[in-house]
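Asks: no sequence on this one, just coordinates:
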């Protein structure tokens, strides 16, 4: 895998780094990596774990130190555990363990701080996903798995006895088979591997709500060139990727430190997982073996997980107000890195976010940002990640460039290792900008929906030297308070104005000295809104979000081919759609509604529409994508079009040369939501793209009469 140079662009950094003072407005600086005040009042764990992969179990000895003792104690442990003994000051205590709860009654004389010693064993055998698994759950339902290939023990799996008394500090010692190393949060104290066993020791001084551990036959490479050590924990067969990941991680760390402040942890590690994950934990990220080989991960998932070091893992989420961390992380990582490269790429990203919401979200599945907790579907992702990122983009415009970046740095300084909610963002940004932002956050965070805007009666009139553009702008319910960017093109220059719309409609007039040729409202997708159908190309997301979808199976498909093709409905989360045979589908059943064709249709109008699709054709009655035959058993095509140019309707086609090609394609199609066509060969995507939008309802062009 080759990576491009990861150098900070000076002009970009000058644009967003406008203040360098250590603190303003009373924000409190918390030193990177230092434990929070009062850390001695936190629970402390001293854990000794032995992993036995061949039996999918661990043997544990936990010393759990709590600052205050209560007579009756309840600790949570995996229901698959067996508690062997509980001791206090060397004395065995009576205990009971049932349904994952360990109950212990302390002796009367126990008082003050105390340490329980618990010996236990537990089996962790969650089934990890194979290549054919389809699920909306990014965890795949895996909380804990110990295997020969690797170990994953999430903080919520019950791999250690947890009194659930808030954040804790940790000393962890993991013994495993030779060459089988463990990695977790905190500072590495020791990695030793011999002929019979390996030993990993970690120390976690920053109190964390829980602790996740990964282990496997890792080879470790480390870059100590910066203030923060960066390491890769990759399997032997992935060592060719280590150098690129070290270089990219170092560059992303430098970038985020420049715009957000000091990195808050002791190290950063990129760790390979034996099933496909994309997790960000305090001071490390866990990426699946297949994930790390994807060519775009260095520029997408990796910086996203590194940014979580500040947002979510550093500044923690107050879930009573919803999960804001994916919104701000998406904006400062996924989006901002594109903006650093080019304004065009940034605009296209904003367009994809707005299109995703417009395609997938309806009144039936919409909810406000304050109710987003985690991504469990593409629909929830369109709100929690997509709409949320656009809210931060609009906030940047609302408060100004300097104030926006200082507001983020102030949030980091004030809330590092503390919980924050949307209300804290509102307070901090209001203080930084010296502006009441309560209406902004109420509108975009506490309310569902998005504005739907239309232009009407737009005219240009006047004479040389004095021209007027007038018209009416309207929005449907629910009504939003909007400040819309307006661009007017003239032969001399482009004029930029702001149009305020806070009701159902408003009239406007703008002046220009040169005769205007074009009038555009929000031409660069800077405002979050619901799009008109003609602004939304036919894409995978439109099939997924259709409220009126019918699936049609082509004649001549074998039972196995039909079964493989039908899996597409599951991967698109459209199990509600039934499949009918082509000979049962009359024209009246298809025209004017969304249709998914499984296999090459034999009849018109379905075949005619396929031939009208860009890049697709029929040659001697055989389907082709450009010059590739879709009868080839290695090939498959998924394409979505507007039948007869109707922007409100989509017809999608899954055409394939074999059952295997169909199965390979349907596993991947849902991951390309913003694309209009996807061509697969040998199970890999070889071509993809998005059709141009059919129209521009918020733009008027005056130089061609009657055209807009």
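Replies: Yes, it's here. The shown structure was predicted, so the numbers you read here are calculated from the model rather than taken from an experiment. Numbering: from 1, shown residues only.

Asks: shouldn't residue 421 be in contact with residue 324?
Replies: Yes: using Cβ atoms under 8 Å, residue 421 is in contact with residue 324, at 7.3 Å. For every residue, glycine as well, the C-beta is placed using N, CA and C.

Asks: Who has more neighbours out of these two?
Replies: Neighbour tally, residue 421 and residue 324, criterion other Cβ atoms under 10 Å: the higher count belongs to residue 324, 27 against 19.

Asks: picking that back up, intersection of neighbour lists for residue 421 and residue 324?
Replies: residue 317 (Cβ atoms under 8 Å, 6 or more residues apart in numbering).

Asks: Could you measure from residue 207 over to residue 70?
Replies: Distance from residue 207 to residue 70, counting by Cβ to Cβ, to the nearest Å: 20 Å.

Asks: now residue 670
Replies: Relative to residue 70, residue 670 is positioned 49 Å away (Cβ to Cβ).

Asks: Between these two, which is the more surrounded one?
Replies: Residue environment comparison for residue 670 versus residue 70 gives the larger neighbour count to residue 670, 20 against 12, counting by other Cβ under 10 Å.

Asks: and the nearest residue to that one once chain neighbours are set aside, how many residues sit next to it?
Replies: By the measure of Cβ to Cβ, 6 or more residues apart in numbering, the closest residue to residue 670 outside its immediate chain neighbours is residue 571, 4.4 Å from it. Around residue 571 sit 18 other residues, with neighbours defined as other Cβ under 10 Å.

Asks: Check for me that residue 608 belongs to a strand.
Replies: No: going by DSSP: H, G, I helix; E, B strand; the rest coil, the assignment for residue 608 is helix, not a strand.

Asks: What pLDDT is listed against it?
Replies: Per-residue confidence (pLDDT) for residue 608: 91.

Asks: and the residue nearest to residue 564 when sequence neighbours are not counted, helix, strand or coil?
Replies: In space, not counting the residues next to it along the chain, residue 564 is nearest to residue 662; the distance is 4.0 Å by Cβ to Cβ, 6+ apart. Using three-state DSSP, the structure places residue 662 in helix.

Asks: Wait, residue 662 touches residue 566, no?
Replies: No: taking Cβ under 8 Å as the contact criterion, residue 662 and residue 566 are not neighbours in contact, 9.5 Å apart.

Asks: Neighbour count: these two, which is higher?
Replies: residue 662 (27 against 19).

Asks: Low-confidence ranges, the chain, go.
Replies: In the predicted model of the chain, residues 1-40, 69, 109-112, 131-137, 703-708 satisfy pLDDT under 70.

Asks: Show the contacting residues for the residue nearest to residue 564.
Replies: Residue 662 makes contact with 561, 564-565, 636, 654, 656, according to Cβ under 8 Å, 6+ apart.

Asks: So which of the residues you listed sit within strands?
Replies: Per DSSP state E, strands hold the following members of the contacts of residue 662: 636, 654, 656.

Asks: Looking at those, which one is closest to residue 526?
Replies: Closest approach between the ones in strands among the contacts of residue 662 and residue 526, by Cβ to Cβ: residue 654, at 35.7 Å.

Asks: The closest one: neighbouring residues, count only.
Replies: Under the neighbour criterion other Cβ under 10 Å, residue 654 is assigned a count of 24.

Asks: Please, where are all the helices along the stretch 601-708 of the chain?
Replies: Secondary structure of the stretch 601-708 of the chain (DSSP state H, counting those that start in this stretch): helices at 606-612, 659-669.

Asks: same check, this time on the stretch 451-600 of the chain
Replies: Counting by DSSP H, counting those that start in this stretch, the stretch 451-600 of the chain forms helices over residues 540-544, 559-571, 587-590, given from the N-terminal end onward.

Asks: Isn't residue 117 up against residue 65?
Replies: No: between residue 117 and residue 65 there is no contact under Cβ under 8 Å: 10.1 Å.

Asks: Would you mind confirming that residue 47 makes contact with residue 159?
Replies: No: in this structure, residue 47 is not within contact of residue 159 by Cβ under 8 Å, at 9.0 Å.

Asks: that older thread, of the contacts of residue 662, keep whichever come out buried.
Replies: 561, 564-565, 636, 654, 656 (16 or more other Cβ atoms under 10 Å).

Asks: Tell me the one of the residues you listed nearest residue 303?
Replies: The shortest distance between residue 303 and any of the buried ones among the contacts of residue 662, using Cβ to Cβ, involves residue 636 and amounts to 31.6 Å.

Asks: What's the separation between that closest one and residue 668?
Replies: Taking Cβ to Cβ, one finds residue 636 at 10 Å from residue 668.

Asks: and the residue lying closest to residue 158 once chain neighbours are set aside, backbone torsions?
Replies: Spatially, and ignoring its direct neighbours in sequence, residue 158 is nearest to residue 78 (3.3 Å; Cβ to Cβ, 6+ apart). Main-chain torsions, residue 78, degrees, to the nearest 10: phi -50, psi 140.

Asks: tell me the contacts of residue 78?
Replies: Residues in contact with residue 78, defined by Cβ under 8 Å, 6+ apart, are 100, 122, 124, 144, 157-159.

Asks: Need the distance between the two termini of stretch 486-503.
Replies: Stretch 486-503 has its terminal residues 18 Å apart, counting by Cα to Cα, to the nearest Å.

Asks: Could you say which of the helices of the stretch 451-600 of the chain is packed most deeply?
Replies: Stretch with highest mean neighbour count among these: helix 540-544 (a mean of 26; mean count of other Cβ atoms under 10 Å).

Asks: and that one, what other elements does it pack with?
Replies: For helix 540-544, the helices and strands in contact under the criterion 3 or more Cβ pairs under 8 Å, 6 or more residues apart in numbering; DSSP states H and E are helix 343-360, strand 594-598, strand 635-641.

Asks: Go through the ones you listed and name the closest to residue 516.
Replies: Ranking the helices and strands packed on helix 540-544 by distance to residue 516, with Cβ to Cβ as the measure, places helix 343-360 first at 22.2 Å.

Asks: buried stuff in that closest one?
Replies: Across helix 343-360, burial judged by 16+ other Cβ under 10 Å covers 346-347, 349-360.

Asks: What residues of stretch 592-611 count as buried?
Replies: Of the residues in stretch 592-611, those buried by neighbour count under the rule 16+ other Cβ under 10 Å are 593-601, 606-607, 609-610.

Asks: Stretch 90-99 now?
Replies: Residues 93, 95, 97 are the ones in stretch 90-99 that count as buried (16+ other Cβ under 10 Å).

Asks: need the residues you listed in a markdown table with secondary structure and distance to residue 506, can you?
Replies: As requested, the buried residues of stretch 90-99 are arranged in a markdown table below (DSSP: H, G, I helix; E, B strand; the rest coil; distance: Cβ to Cβ, whole Å):
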| residue | secondary structure | distance to residue 506 |
| --- | --- | --- |
| 93 | coil | 73 |
| 95 | strand | 70 |
| 97 | strand | 67 |
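
Asks: now these as JSON lines including distance to residue 503?
Replies: Putting the buried residues of stretch 90-99 into JSON lines (distance: Cβ to Cβ, whole Å) gives the following:
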{"residue": "93", "distance to residue 503": "69"}
{"residue": "95", "distance to residue 503": "66"}
{"residue": "97", "distance to residue 503": "63"}
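
Asks: Return the set of buried residues in whichever strand or helix holds residue 253.
Replies: Remark: residue 253 resides in helix 242-260, with elements defined by DSSP states H and E. Neighbour-count burial for helix 242-260, with 16+ other Cβ under 10 Å as criterion, is recorded at 242, 244-257, 259-260.
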